[in-house]
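Colleague: Make a model of this:
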Amino acid sequence: MLFHLLGLALLVSSTLADSPLYIDELEDLVRGPDRHILDAMDDDDYTPRAELKVKLDEILARQSPSIQKAFEHIVELKETQRLAKNNHWQARADDAGVGNLYEKIKHLQTDMTINELKAKSRARQLCSPFSTMDEHMDQSPEDAPDPVQQDRIDEADDVIGDDDDDYPMDRSREDEDPFQVPARRGFRHKFLRMDEEFGAARKKKEEKDRKTPEPRFSAKSPVAAVKVHNAEAVHLKKLSDAYEPNAFVNRIDFIMDGCPPLEKECFLLLVNFLKETKRNAQKYHALYTRAETRPWGADADIPPMDKEYYELTHAAASSKTDSLLHELKKQKDEGVKESTRRAMEDLVVHYSRTGQLTEAFKAFNRGMREYCTQMRHVITMYTTWLETAVLLFEWHRVSPLISQSERALQEAEEAENQANGPGGRLNRNQYDQVEASRKTNKLLIAVSRSKLNAIVGLSSIEQKNYKHACERFLQVEADHLSEPWLLAPFDIARYGSLCALATLERSEMKAKCLDSKFRKMLETEPLLVEALTCYTRSQFTRFFEIINGLQDTMLLDPYFSSHVARIYELIKKRALAQYLAPFAVADLGTMAGVFGMKQDELCTEIISLIDKGVVKGRFDERAGIIEMLAPDERAAAHQKLADTCERVCARAEYTVLRALIQSNKVFVSTDDSKPARGKRRTNDENHREETAGGGGGGIMRNMRSTMMRMVSTVGVGTVEGGYVMGLRC
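Modeller: Numbering: from 1, shown residues only. Modelled structure (predicted):
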């Protein structure tokens, strides 16, 4: 990259930006009061670095060994990066003839005797000769810049220059390095020539950026792998009432990319929605940027971009963000947990409303859990945190949050059960208040449990664990998703049904889907009820008509699109195996008609099932039939007899062991009132003094000698190498 007009300012700012103390890095690792102390230290520009270093070491010494080790690793990595950056800037400074200047700036970076404010002031003083060159150097006429170049020099002075009121400095050059004077001559004009080249490159990049559509809702948002050309696959007008705003924007954005016939309609719907709700101005601008690259972007029915709305909405959002951040800092300084939690919650709500989901997720990571003083606050926080992670498709962050949320729900349920126990006498008003609070808490726990099951199901689908996803979706209750949310009830019905068809047996699916509480969820999709009924009755012609008609809809689902091919393949293989199960001989032509497949494709599918051992049969290609192999009943009976003998022998060994333990007076006590360790004395000559924690060796030796005496006396068997009837003594 060329060293342009702002190169000197970038050189100074990039060097002084790396603090030698690494306060921010330790602040990210610690929790509690030390975190607030580090935050204040990070903003302190007046205390010398040496004193800050002492405080930093004291805080680090109070942390756990794991945090200390992690901090040491981070510091080592940062030092390596800083050294590489300094070498890079040193080479650039040498090329520009200011290598000595950069050496002095590097010394300011590591000087522990000064504070941050003084370091910046001295850096400006070092750069002042270059920003005031016209005042201190004679300039030849041929080197004099034209008026346009002079304006650029003045702009550079504003960036690099000094402020005498804020940073008083000595402009004398008595101690100046004499080697800098020749190198400084013509320094600015070299930058001007480079700036022209840089300006051309910058214009080229800006032109390329205008042609390139802006990023989607999230950097990790999925992209439709298969384009759907069925305009009737989705009813767009029904989606706005089924989802909360961010989920609605996410889905319409995905449909806009995955279905070209609906792209223009999705654009108009999304633009009107964003403008009516006055949210997410950045998304509004990105939509029009994308429309410029589409063939329908210049159509007459496409409304022009409302720049006034965009500017006002964006300015209002920025102003409110600054206000909420200021309020949060104020509440943190005051130290009231509940007020701080409310301030953080208001900030998260604002970020979510304006579409800044990444910032909302970061706000959760800044220790919001520490300020939750009640269990319902913890549950609500984890639920919202998980929803934000799912909207951002941050699946690697969802799994740890799921375990934390499940633990919080379990603790809440246990606390609620204990609260329902007998209590003191209450009057009528107090009793009504307590009962209302209990009902509210129970409802919150139940709703959060259903939402958590749905999110766990999505995470399991992403991990291709469809059986676990099915189990979680079947536990979601329809009454708990009555309000618009991340997922709609018909989404849960589709996900659960398709995963059940791909993983469950027919009898199990009938019991868990059609004859359970999940049936109420299926009522939102009557065709799915019919499909499951047809599957259980082996009416595969109608069954495949229904699920094939649902395929385009699922391809336009952002969470299920990439799994449609795999799920449908599993359903088809399971249906083929179920169809062949009751037959000894099946006609391939009839099967091809039932499943709507060509006979060659059907043969390939059945061969793969035979290779995997799912179906046991063989082809008669000339006759066009498949003959199922009957199970070997004799081999099965022999295996059953062998298993029975093994169980009888194991039972006999256990019986002998129990008799030996009882004869040796070995007992297991569960009395917690007795000490865990203690000495036991007995007058029996067969027992020696043993400790409860470490006397097992003597007991086992006595057991072995007793077993040998039993064998020799009773004639149970022979002892070879310390074994009796396969039991080691």
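Colleague: What's the end-to-end length of stretch 328-339?
Modeller: Distance between the two ends of stretch 328-339: 9 Å, counting by Cα to Cα, to the nearest Å.
Colleague: show me where pLDDT drops low in this protein?
Modeller: The chain contains residues with pLDDT under 70 at 1-19, 127-221, 225, 419-426, 631, 667-729.
Colleague: tell me the strands in it, going along the chain?
Modeller: 585-587, 617-620, 625-628, 679-680, 690-691, 723-724, 727-728 (DSSP state E).
Colleague: In PDB, list the C-alpha atoms belonging to the third one.
Modeller: These are the backbone C-alpha positions of strand 625-628, laid out as PDB (Å, rounded to 0.1, in the frame of the first residue of the first chain):
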ATOM      1  CA  ILE A 625     -38.700 -58.700  -9.000                       C
ATOM      2  CA  ILE A 626     -36.900 -58.600  -5.700                       C
ATOM      3  CA  GLU A 627     -37.000 -61.600  -3.500                       C
ATOM      4  CA  MET A 628     -36.700 -61.100   0.200                       C
END
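Colleague: contacting residues around residue 556?
Modeller: When contacts are counted by Cβ atoms under 8 Å, 6 or more residues apart in numbering, residue 556 touches 224, 228, 233-234, 254-255, 258-259. Every C-beta, even on glycine, is put in place using the N, C-alpha and C of the backbone.
Colleague: Could you do residue 367 as well?
Modeller: 31, 35.
Colleague: Next, it: phi, psi?
Modeller: When read as degrees, to the nearest 10, the backbone of residue 367 gives phi 90, psi 30.
Colleague: and if you look at residue 613?
Modeller: Torsion angles, degrees, to the nearest 10, at residue 613: phi 80, psi 10.
Colleague: Run a quick neighbour tally on it.
Modeller: 7 (other Cβ atoms under 10 Å).
Colleague: what about it, distance to residue 536?
Modeller: In this view, residue 613 and residue 536 are 24 Å apart by Cβ to Cβ, to the nearest Å.
Colleague: what do you get for residue 323?
Modeller: Residue 323 sits 59 Å away from residue 536, taking Cβ to Cβ as the criterion.
Colleague: With residue 432 instead?
Modeller: Relative to residue 536, residue 432 is positioned 48 Å away (Cβ to Cβ).
Colleague: Which one's more surrounded, these two?
Modeller: residue 536 (16 against 11).
Colleague: how far away is that one from residue 512?
Modeller: Counting by Cβ to Cβ, the gap from residue 536 to residue 512 is 12 Å.
Colleague: Likewise for residue 124?
Modeller: Counting by Cβ to Cβ, the gap from residue 124 to residue 512 is 72 Å.
Colleague: With residue 586 instead?
Modeller: Residue 586 is 29 Å from residue 512, by Cβ to Cβ.
Colleague: Point out the other helices and strands that the helix ranked longest in the chain packs with.
Modeller: The residue-count maximum for a helix in the chain (DSSP state H) belongs to helix 428-462. On a contact count with 3 or more Cβ pairs under 8 Å, 6 or more residues apart in numbering; DSSP states H and E, helix 428-462 meets helix 375-391, helix 395-419, helix 466-474, helix 489-503.
Colleague: Just give me how far the longest one sits from the chain centre.
Modeller: Offset of helix 395-419 from its chain centre (Cα atoms, centre = their mean, to the nearest Å): 17 Å.
Colleague: what does the last one give?
Modeller: Using Cα atoms, centre = their mean, the distance from the centre of helix 489-503 to the centre of the chain it belongs to is 23 Å.
Colleague: now that helix against helix 466-474, angle please.
Modeller: Angle, helix 489-503 to helix 466-474, by axes from the mean of the first three to the mean of the last three Cα atoms, to 10 degrees: 150 degrees.
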